[in-house]
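J.: prediction below, plus the sequence it came from.
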Amino acid sequence: MSDVYAQPTSATQRATTGDLAQYTTLRLGGPAERVVTATSADEIVNQVRQAGTQILLLAGGSNVVIGDSGFSGTVVLVRSRGLRVLTEDEQTVTVRVEAGEPWDELVAATVRNGWSGLECLSGVPGSTGATPIQNVGAYGQEVAETITAVQVYDRVAGTVGQVEAADCGFAYRSSIFKHSERWVVLSVDFRLTRSPLSGPVRYAELARALGVEVGVRVPLAQARATVLGLRAGKGMVLDPGDPDTRSVGSFFTNPVLDAAAYGQLRQRAAEVGEPPAWPGADGKVKVSAAWLIEKAGFGKGHPGPEGTAISTKHTLALTNPTGTATTRALLVLAGAIRDGVQTRFGVTLHPEPVLINCTL
């Protein structure tokens, strides 16, 4: 039988004020003028309508950097829960998942049910509603491969509707929803394959950890456990006892360069080695941001102001290990890294998280 999470039966619309750091994985962010909690799609829509223009939606808080001055408006905490089967046949099942459903709990449920398609995204922090916004991906899988539609509230039209996958504008860590105030994600539809095996393993590091060749399928539970182990080893699985996980995961996206820019990078990097890279569409090449950062002189554990630091486990993660730093300090560290990579290699790094009331 399929797992179905219970939808809350009573509404919670508690209005409070407070430090937004408690709602983010970085443990950074100043006060909000007002904080409310929404436990259903209807509540999310109602709260957004009532709040007007100054509104910030927060779910898992794992991909956001909030300024020290906080947010002078209403913060809606998205706490809607639930999963239900829309359609199914012998080969596939399509499920609708509420925006506030914790992502890794969803992935665990799909693995238990024998639904293939999300297993390599195990351990990614945050909520389901956030995944289409930046087209979450890891270890060779992206949510764009399984999403069929996204249910949204359109703040411009004032209506609730649906955006089909083909219209979501999915790209590398991007979509039409990212950096747009128009859309509020309410739920997401995923079409998954009925299979006890994972999709073909595409990522070389994962294949090595599994002890298989790239392209081989493995049991879903084995794929999930191996991904969780790899992520934990990089401080990418939230753990209150591990200061390295007090971060937003990868702070910078991997640069995507055209052929000319990639050729220039190789020339400038000749003394330190060949930049790890992966071919993409239209002759473009995706380059490892972690490699660029490390070769520019910013290794694991590199310190920043006020106790901020690069993770001791992963060069792409910037951390607030003591929990006492400021957003300003973290962005000073991020700026130094960005400028250092630009000076050394001529490549500009861009932040992956959404920056709220702060700039880099």
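T.: Ah, there it is.

J.: C-alpha only now, for contacts and for neighbours.
T.: OK.

J.: what about P132, which helix or strand?
T.: Assigned by DSSP states H and E, P132 falls within no helix or strand.

J.: which pLDDT value belongs to it?
T.: We have a pLDDT of 97 for P132.

J.: from what I can see it touches A171, true?
T.: No. Contact between P132 and A171 fails when scored by Cα atoms under 8 Å: they sit 10.2 Å apart.

J.: now the helices for the stretch 201-350 of the chain?
T.: Applying DSSP state H, counting those that start in this stretch to the stretch 201-350 of the chain gives helices spanning 204-210, 220-233, 259-268, 289-295, 327-345.

J.: P200 versus the most far-flung residue of the chain relative to its centre, what's the distance?
T.: No residue in the chain sits farther from the centre than E271, which is 33.7 Å out by Cα atoms, centre = their mean. Noted for E271: a distance of 36 Å to P200, by Cα to Cα, to the nearest Å.

J.: in this protein, where's the longest strand?
T.: In the chain, with assignment by DSSP state E, the single longest strand is strand 183-194.

J.: in its sheet, what does that strand sit against?
T.: Strand pairing for strand 183-194, determined by DSSP bridges: strand 92-98 (antiparallel), strand 115-116 (antiparallel), strand 147-154 (antiparallel).

J.: keeping just the C-alphas, turn it into PDB.
T.: The C-alpha coordinates for strand 183-194 follow below in PDB (Å, rounded to 0.1, in the frame of the first residue of the first chain):
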ATOM      1  CA  TRP A 183       4.300  32.700  -8.500                       C
ATOM      2  CA  VAL A 184       3.500  31.000  -5.200                       C
ATOM      3  CA  VAL A 185       4.100  27.200  -5.400                       C
ATOM      4  CA  LEU A 186       1.200  25.300  -3.700                       C
ATOM      5  CA  SER A 187       1.900  21.700  -4.700                       C
ATOM      6  CA  VAL A 188       3.900  19.700  -7.200                       C
ATOM      7  CA  ASP A 189       3.000  16.700  -9.300                       C
ATOM      8  CA  PHE A 190       5.700  14.000  -9.900                       C
ATOM      9  CA  ARG A 191       5.400  11.000 -12.300                       C
ATOM     10  CA  LEU A 192       7.600   8.200 -11.000                       C
ATOM     11  CA  THR A 193       8.400   4.700 -12.300                       C
ATOM     12  CA  ARG A 194       7.200   1.600 -10.600                       C
END
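
J.: give me the buried positions along that strand.
T.: W183, V184, V185, L186, S187, V188, D189, F190, R191, L192, T193, R194 (16 or more other Cα atoms under 10 Å).

J.: now swap in stretch 71-85 and tell me
T.: By neighbour count, and taking 16+ other Cα under 10 Å as the criterion, the buried residues in stretch 71-85 are 71, 73-85.

J.: and the closest residue to K300 other than its chain neighbours, what is it in contact with?
T.: Distances taken as Cα to Cα, 6 or more residues apart in numbering place T312 nearest to K300, at 4.7 Å, with adjacent residues excluded. Residues in contact with T312 (Cα atoms under 8 Å, 6 or more residues apart in numbering) are D244, K300, G301.

J.: quick one: the second one from Q151, how far?
T.: Here the distance between K300 and Q151 works out to 40 Å (Cα to Cα).

J.: more crowded one of these two?
T.: Ranked by neighbour count (other Cα atoms under 10 Å), K300 and Q151 place Q151 first, with 23 against 19.

J.: count of neighbours near D282?
T.: Using other Cα under 10 Å, D282 is surrounded by 8 other residues.

J.: distance of it relative to G273?
T.: Distance, D282 to G273, by Cα to Cα: 25 Å.

J.: equivalent analysis for V218, please.
T.: Remark: distance between V218 and G273 (Cα to Cα) = 34 Å.

J.: and F251, by the same measure?
T.: F251 is 23 Å from G273, where distance means Cα to Cα.

J.: more crowded one of these two?
T.: Higher neighbour count among F251 and G273: F251, with 25 against 12, using other Cα under 10 Å.

J.: now the phi/psi pair for V75, please.
T.: Per-residue torsions, V75: phi -100, psi 120 (degrees, to the nearest 10).

J.: same question, L197
T.: Main-chain torsions, L197, degrees, to the nearest 10: phi -110, psi 150.

J.: if we can go back for a sec, may I see the buried residues of stretch 71-85 organised as JSON lines, with distance to S116 and secondary structure added?
T.: Listed next are those as JSON lines, based on distance: Cα to Cα, whole Å; DSSP: H, G, I helix; E, B strand; the rest coil:
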{"residue": "F71", "distance to S116": "40", "secondary structure": "strand"}
{"residue": "G73", "distance to S116": "41", "secondary structure": "strand"}
{"residue": "T74", "distance to S116": "38", "secondary structure": "strand"}
{"residue": "V75", "distance to S116": "35", "secondary structure": "strand"}
{"residue": "V76", "distance to S116": "32", "secondary structure": "strand"}
{"residue": "L77", "distance to S116": "30", "secondary structure": "strand"}
{"residue": "V78", "distance to S116": "27", "secondary structure": "strand"}
{"residue": "R79", "distance to S116": "26", "secondary structure": "coil"}
{"residue": "S80", "distance to S116": "24", "secondary structure": "coil"}
{"residue": "R81", "distance to S116": "21", "secondary structure": "coil"}
{"residue": "G82", "distance to S116": "19", "secondary structure": "coil"}
{"residue": "L83", "distance to S116": "16", "secondary structure": "strand"}
{"residue": "R84", "distance to S116": "16", "secondary structure": "strand"}
{"residue": "V85", "distance to S116": "15", "secondary structure": "strand"}
